[in-house]
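Chemist: what's the 3D shape of this:
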Amino acid sequence: MSLLEMRDIDKSFNGVPVLKRVQLSVDKGSVHALLGENGAGKSTLMNVMTGVYQKDAGTIIFDGQAMENITIHKSEEAGIAFVHQELNLFNDMTVWENIYLNKELVSKFGRVKKKAMVEKCRDLFRQLDVDIDPLEKVENLKTSEKQLLEISKALFFNAKLLILDEPTTSLNNDEIAHLFQIINNLKKDGTAFIFISHKMPEIFELCDTYTVFRNGEFIGTGKIADVDAQKVTEMMVGAKFSSEDLYQARKTGNTVLKLNNLSGVGFENISLDIKRGQIIGLTGLQGAGSSELMQCIFGVTSAICGSIEANGKKVPNHSIHSAMKSGIAMLAANRKENSVIPDMSLLENMYISEHTLSAKNFHIHKKQEKEKFEKYRKMLNIKAQDSSDSILSLSGGNQQKVFIARWLNTNADILLFDNPTQGIDVGAKAEIYKLILELAKSGKTILVNTLEIPEIQKIADYCVIFYDGKIVKILDHKDINEHTVMMYSTNAANV
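Modeler: So this is what the prediction gives:
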């Protein structure tokens, strides 16, 4: 019996359609896989259903009732719970306080009934076979326990439908098995799940039915038993071709970056030998290990074992400063949080890294720095009026060019670009691709981490694919295509 029906849902932002007459049907007591590449429209549809966004058109029927003007509160009251990949918990509060936040049990005299709430939490955890102490501070829980707490929190108030967004990203195999056991037990009692994941083995193990979106459009739906991983991957990717093949082969030199059995938080036993002038594309699902590897190379996180050699020398101390002194630079993901210094001008945003390296020199020669800024402004085609302008006055693409200039200004010859075209328009992306190719041609060695496979096709000599913290495949440029990369990224090649 159908629990949720979403028909012909439209949604646009600033006149740009992101959902185009999509549909989704979920039965009671089932696990329904919602599939699609990044940007396919999955999260937008879930946000429409839970009242974060209002639909422009279409029909939503939940548990037999038509739903209009949905708010977050209305969706929760109806029995819909969204367990996000980024967990929504308060670390400085206890488990029971998180569960009962704004829903506390009080006596007729207005006193909080702590003992009753703690006991009810214990009862629920026993039913779910979850070993969590209601009196424990959330900050002391493991990631897997926090994930189970989020699900328990939703079930505590009789959720009929749970949306699980990439719930296994931070879990090990035993924790995943436990989560799946809980889901299967709840399914028998009639609870329904929408399971958003890119991991094909999990989808085929857990889910009953599926729906695929692509570019904001409904592609297909059916029973998991009637398809295989390759068919689902083809539906997700479609027949995509690069509109412009920018790639240019170039002469490369000796090894400049060598990773020897490097292990750290989120990845293990990584060995790579990267030459001067090469462009290496790193990819994999969110949390698969490629971004984590970059952060370790740059000293943001520490290695557990193994070594990093840059320009023939071991990188010492494993700190950001030692990485910079070894000629390594990193354009971090999430520009707004990790690169933009809003109170500084374009000039100051550019020279800050170089000044950190030459900190013994207490004086900043403004005239020299302005001359350098002019050089990079022309080289990178930064559309800016004056170096004294605020960094916030530029578009995302031009901000990103300023941050590339920031690192070129340090004379780094190994450049780590983590999701470099995030949040910038198509024209700016093309400029970034051409710039990367030009930098490699001039002798820079570049690692680009991205979830966008067409980007890797346009620029990379090799594509290194991660799954579950390990390198599972390295593709030569001629073999890079979305279908093959997706098969290895989701582990569908081994299903």
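Chemist: Where does pLDDT dip in the stretch 351-495 of the chain?
Modeler: In the predicted model, the stretch 351-495 of the chain carries pLDDT under 70 at residues 351, 355-365, 423-427, 495.
Chemist: Just want the most central residue of this protein.
Modeler: Ranked by distance to the mean C-alpha position of the chain (C-alpha atoms, centre = their mean), the top residue is residue 286 at 4.3 Å.
Chemist: Any figure for the gap between it and residue 165?
Modeler: Residue 286 is 10 Å from residue 165, where distance means C-beta to C-beta, to the nearest Å. For every residue, glycine as well, the C-beta is placed using N, CA and C.
Chemist: can you check residue 203 too?
Modeler: In terms of C-beta to C-beta, residue 203 sits 14 Å off from residue 165.
Chemist: More neighbours: those two, which one.
Modeler: residue 203 (23 against 18; other C-beta atoms under 10 Å).
Chemist: where are the low-confidence patches of this protein?
Modeler: Using pLDDT under 70, the flagged stretches of the chain are 38, 85-86, 170, 239-245, 335-338, 351, 355-365, 423-427, 495.
Chemist: Outline the domain layout of it.
Modeler: Domain assignment for the chain by automatic domain parsing gives 2-237, 255-494.
Chemist: Show the end-to-end separation of the shortest one, please.
Modeler: With C-alpha to C-alpha, to the nearest Å as the measure, the first residue of domain 2-237 is 28 Å from its last.
Chemist: mind listing the helices in the stretch 301-450 of the chain by residue range?
Modeler: Using DSSP state H, counting those that start in this stretch, the helices found in the stretch 301-450 of the chain span residues 320-325, 335-338, 346-357, 366-380, 396-408, 426-441.
Chemist: How about the contacts made by residue 296?
Modeler: By C-beta atoms under 8 Å, 6 or more residues apart in numbering, residue 296 lies in contact with 262, 264, 265, 267, 302, 303, 308.
Chemist: Backbone dihedrals for the nearest residue to the second one once chain neighbours are set aside, please?
Modeler: Taking C-beta to C-beta, 6 or more residues apart in numbering as the measure, residue 264 lies nearest to residue 296, with 4.2 Å between them; neighbours along the chain are not counted. In terms of degrees, to the nearest 10, the main-chain angles of residue 296 are phi -70, psi -40.
Chemist: how much space is there between residue 296 and residue 328?
Modeler: Residue 296 sits 11 Å away from residue 328, going by C-beta to C-beta.
Chemist: do residue 282 as well
Modeler: Going from residue 282 to residue 328 by C-beta to C-beta gives 15 Å.
Chemist: And for residue 293?
Modeler: Where residue 328 is concerned, residue 293 sits at a distance of 13 Å (C-beta to C-beta).
Chemist: Which one's more surrounded, these two?
Modeler: Remark: of residue 293 and residue 328, residue 293 carries more neighbours, 31 against 27, as counted by other C-beta under 10 Å.
Chemist: Are we agreed that that one is in a helix?
Modeler: Yes. Checked against DSSP: H, G, I helix; E, B strand; the rest coil, residue 293 lies within a helix.
Chemist: ok, the residue lying closest to it once chain neighbours are set aside - contacts?
Modeler: Leaving aside its sequence neighbours, residue 293 sits nearest to residue 267 (C-beta to C-beta, 6+ apart; 5.0 Å). Taking C-beta under 8 Å, 6+ apart, we find residue 267 in contact with 289, 290, 292, 293, 296, 466, 469, 470.
Chemist: if we can go back for a sec, turn the domains of the chain into a markdown table, columns for distance to residue 248.
Modeler: What follows is these, written out as a markdown table (distance: least, C-beta to C-beta, whole Å):
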| stretch | distance to residue 248 |
| --- | --- |
| domain 2-237 | 25 |
| domain 255-494 | 6 |
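Chemist: mind checking which of these is nearest residue 246?
Modeler: Nearest of those to residue 246, taken as C-beta to C-beta: domain 255-494 at 4.5 Å.
Chemist: neighbours of the residue nearest to residue 137 when sequence neighbours are not counted, just the number please.
Modeler: Nearest non-adjacent residue to residue 137, counting by C-beta to C-beta, 6+ apart: residue 94, 5.8 Å away. With neighbours defined by other C-beta under 10 Å, the count for residue 94 comes to 20.
Chemist: And the strands in the stretch 51-200 of the chain?
Modeler: 57-62, 65-66, 80-83, 161-165, 192-196 (DSSP state E, counting those that start in this stretch).
Chemist: Which among the ones you listed is found nearest to residue 31?
Modeler: Taking the strands of the stretch 51-200 of the chain one by one with C-beta to C-beta, strand 192-196 is closest: 4.5 Å.
Chemist: now that closest one against strand 161-165, angle please.
Modeler: Angle, strand 192-196 to strand 161-165, by axes from the mean of the first three to the mean of the last three C-alpha atoms, to 10 degrees: 10 degrees.
Chemist: what does whichever helix or strand comes after strand 192-196 rub up against?
Modeler: Downstream of strand 192-196, the next assigned helix or strand under DSSP states H and E is helix 200-206. Residues outside helix 200-206 that contact it (C-beta under 8 Å, 6+ apart): 31, 33, 35, 168, 176, 180, 183-184, 195, 197, 210, 224, 229, 232-233, 490-492, 494-495.
Chemist: How far off centre is helix 200-206?
Modeler: For helix 200-206, the separation from the chain centroid amounts to 20 Å (computed by C-alpha atoms, centre = their mean, to the nearest Å).
Chemist: List the buried residues of that helix.
Modeler: 200, 201, 202, 203, 204, 206 (16 or more other C-beta atoms under 10 Å).
Chemist: just stretch 138-155 next, same as before
Modeler: Those would be 138, 141, 144-155, for stretch 138-155 by 16+ other C-beta under 10 Å.
Chemist: nearest to residue 68, of those?
Modeler: residue 154 (23.4 Å).
Chemist: how far away is the residue nearest to residue 293 from residue 304?
Modeler: Residue 267 is 10 Å from residue 304, by C-beta to C-beta.
Chemist: list residues touching both of these two?
Modeler: Going by C-beta under 8 Å, 6+ apart, no residue sits against residue 267 while also sitting against residue 304.
Chemist: Quick check: closest non-adjacent residue to residue 207.
Modeler: Closest residue in space to residue 207, ignoring its immediate chain neighbours: residue 33 at 4.1 Å, by C-beta to C-beta, 6+ apart.
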